[in-house]
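Enquirer: How does the following fold in three dimensions:
(one chain, ligands or ions: 1)
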Amino acid sequence: MKLRDIYKCNVCGNVVEVIYGNTESLVCCGEDMEKLEAKTEDYTVEKHVPMVEETDEGVEVIVGSTLHPMEEKHYITSIEVLTADKVLRAELKPGEEPKAEFAVDKEEIEDVREYCNVHGLWKA
Ligand SMILES: [Fe+2]
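Expert: Model prediction:
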């Protein structure tokens, strides 16, 4: 387990991100949580891979090449931009657009990822 790793409980669906600590495993609902590996290629009809576009103030991240649904039961819950020493996270809600703006230099970005409550973790 390392900083920024994301884990999911396959019993209750809780998803957590590591911000400190170095234990061997995380337990939820009495079971080891699963470490999520971000997917990079779409296998579903909806598109999930985040796209990064430069703006005047930084970048805009859009999910995905055709906009992902933002319905009550199926939506993008958050988008994260990771630099060497920062994790910037936008929290999204159903009904909003699956996109977010970040005041960050595109060159500083090491990773961009998003979480879909149905299809899991994805990165650019
Ligand atoms: Fe999805």
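Enquirer: Apart from its chain neighbours, what residue comes closest to the residue in the chain sticking out farthest from the centre?
Expert: In the chain, the residue that sits farthest from the middle, by Cα atoms, centre = their mean, is Gly30; the gap is 25.0 Å. Nearest residue to Gly30, sequence neighbours excluded (Cβ to Cβ, 6 or more residues apart in numbering): Val11, at 7.7 Å. All C-beta spots, glycine's among them, are computed from the backbone N, C-alpha and C.
Enquirer: Doesn't the one you found lie inside a helix?
Expert: No - per DSSP: H, G, I helix; E, B strand; the rest coil, Val11 lies outside any helix segment and is coil.
Enquirer: Return the residues of this protein in contact with the ion.
Expert: For the chain, the residues in contact with the ion (Cβ under 5 Å from the ion) are Glu46, Cys116, Val118, His119.
Enquirer: tell me the domain ranges of this structure?
Expert: Annotated domains of the chain cover 6-35, 51-123 [automatic domain parsing].
Enquirer: distance between the ends of the first one?
Expert: This means domain 6-35. Criterion Cα to Cα, to the nearest Å; first-to-last residue distance in domain 6-35 is 6 Å.
Enquirer: which of the residues in it are buried?
Expert: Of all the residues in domain 6-35, those buried under the rule 16 or more other Cβ atoms under 10 Å are Ile6, Tyr7, Lys8, Cys9, Val15, Val18, Leu26, Cys28, Met33.
Enquirer: now stretch 96-112
Expert: For stretch 96-112, by 16+ other Cβ under 10 Å, it's Pro98, Lys99, Ala100, Phe102, Val104, Ile109, Val112.
Enquirer: Quick one: end-to-end distance for it.
Expert: 19 Å.
Enquirer: likewise stretch 21-30?
Expert: Terminal-residue distance, stretch 21-30 (Cα to Cα): 20 Å.
Enquirer: What are the contacting residues of that stretch?
Expert: The contact list for stretch 21-30 (Cβ atoms under 8 Å, 6 or more residues apart in numbering) reads Met1, Lys2, Tyr7, Cys9, Val11, Cys12, Asn14, Val16, Asp32, Met33.
Enquirer: Could you work out the most separated pair of the residues of the chain next to the ion?
Expert: The span of the residues of the chain next to the ion, defined through Cβ to Cβ, is set by Glu46 and Val118 at 8.7 Å.
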